[in-house]
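> Sequence and predicted model, in that order:
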Amino acid sequence: MAAVVTRSVPLRNVGSILQYSFNILRNFSSAPQPSTSEAAKPTKPKRKKKKNLFEVAQFLPNWGIGYKMAKTHWKGVSYEITKINLYKDGRHGKAWGIVHKDGIVAADAPKKISGVHKRCWKYIPEPKQKTEAPPKPEEIQA
């Protein structure tokens with residue numbers, strides 16, 4: 001019985017020694033903190049997060065209705081937005097539009113736009129067309 005008691009005391013000490021040694025190893029293996037000179041180094045610029053259709057449309061007047069939008073990887077295809085059904089959070093919903101291919105209307109009726117939540121949408125600015133000014137009243141009478 002006495003041998004069992006004397007044995008258990010050294011085992012407790014061994015456990016605390018092992019725990020102490022693991023703490024020392026953990027302290028040595030932790031990554032060193034960067035110094036102030038390393039923190040001042042310029043870092044790589046972060047990539048800009050692309051936007052879904054609703055995040056693009058929110059900055060346009062009337063939520064983009066009447067404006068053209070397209071996915072970034074589409075060539076010559078765009079939608080003229082006719083209707084937007086927006087959910088409460090303002091970043092999700094449904095949208096309908098008229099398809100344009102190479103600047104020409106490809107369909108008469110609006111169609112539901114697929115992939116509106118994918119992060120690849122862009123606004124297509126209308127090309128500025130020269131419009132003739134209406135004639136002045138003096139030119140009409142003369």
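Here it is on my side, so go on. Numbers count the residues shown, from 1 in each chain.

> Pull out the buried residues from stretch 107-121.
The neighbour-count check on stretch 107-121 (16 or more other Cβ atoms under 10 Å) flags 110, 113, 116, 121 as buried. Using the backbone N, CA and C atoms, a C-beta is placed for each residue, glycine as well.

> Can you tell me which of these is closest to residue 47?
residue 121 (16.5 Å; Cβ to Cβ).

> what's the pLDDT at that closest one?
Looking at residue 121, its pLDDT reads 93.

> What of residue 8?
In this model, residue 8 carries a pLDDT of 52.

> can you map out the helices along the chain?
All helices of the chain, identified by DSSP state H, fall at 2-29, 36-39, 53-57, 137-141.

> ok, of those, where does mean pLDDT dip lowest?
helix 36-39 (a mean of 58).

> Relative to residue 101, how far out is residue 74?
Here residue 74 is placed at a distance of 10 Å from residue 101 (Cβ to Cβ, to the nearest Å).

> picking up where we left off before, now render the buried residues of stretch 107-121 as JSON lines, adding distance to residue 48.
Below are the buried residues of stretch 107-121 laid out as JSON lines (distance: Cβ to Cβ, whole Å):
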{"residue": "110", "distance to residue 48": "31"}
{"residue": "113", "distance to residue 48": "23"}
{"residue": "116", "distance to residue 48": "20"}
{"residue": "121", "distance to residue 48": "13"}
